[in-house]
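Engineer: Quick one, what's the 3D model for this:
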Amino acid sequence: FEEFAAAMRKTHGKLLISGIPRMTRPRLRNDHYTGFVVIDPGGNWIRITREQAEPEATTRLAKAMENAARMADSHGDDRQGLKILEGALKKAVGDEPEFQAATEYRDELVERVRGSAPHPGA
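Structural biologist: Residues are numbered from 1 along each chain as shown. Prediction:
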């Protein structure tokens, strides 16, 4: 991830998380970092993961994060991923181990949705 991020920062001046090209940050699930996705300038989705099985989500919030990531990062539906995550965060107590990661991911999805909104007059 760091090598891809460094190359993107060198080329574009920052890490692009919305639009095309872009890349997603690795997610922390059950104390385990998952892979990330690179969307190249042609719109191709390239998933980069480790060759090990991911631990199964154990809390409602962890399961919601998996569903949100599946919709947003795998299917490209940032709005649906955000909807899933916001619903789960409303029900969260705040002491879940994934709470901080879920909040950060929600903030990223908000930025991605704003970045993909049609421009006025378009």
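Engineer: just so I have it, where are all the strands in the protein?
Structural biologist: 22-23, 28-29, 32-33, 36-39, 45-48 (DSSP state E).
Engineer: Adjacent strands (with direction) for the fourth one?
Structural biologist: Strand pairing for strand 36-39, using DSSP bridges, gives strand 22-23 (antiparallel), strand 45-48 (antiparallel).
Engineer: closest one to residue 100 among the strands of the chain?
Structural biologist: Judged by Cβ to Cβ, the one of the strands of the chain that comes nearest to residue 100 is strand 28-29, at 8.9 Å. Where C-beta positions appear, they are placed from N, C-alpha and C, glycine not excepted.
Engineer: Could you tell me which ranges of this structure sit under the pLDDT cut-off?
Structural biologist: Low-confidence segments of the chain (pLDDT under 70): 28-33, 51-57, 117-122.
Engineer: Serialize the strands of the chain to CSV and add fields for distance to residue 76 and mean neighbour count.
Structural biologist: Listed next are the strands of the chain as CSV, based on distance: least, Cβ to Cβ, whole Å; neighbours: other Cβ atoms under 10 Å:
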stretch, distance to residue 76, mean neighbour count
strand 22-23, 10, 20
strand 28-29, 20, 20
strand 32-33, 22, 14
strand 36-39, 8, 18
strand 45-48, 7, 12
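Engineer: between the ones you listed, which gets nearest to residue 61?
Structural biologist: With Cβ to Cβ as the criterion, residue 61 lies closest to strand 28-29 of the strands of the chain, at 10.5 Å.
Engineer: how about the helices in this structure?
Structural biologist: For the chain, applying DSSP state H gives helices covering 2-12, 60-69, 78-91, 99-116.
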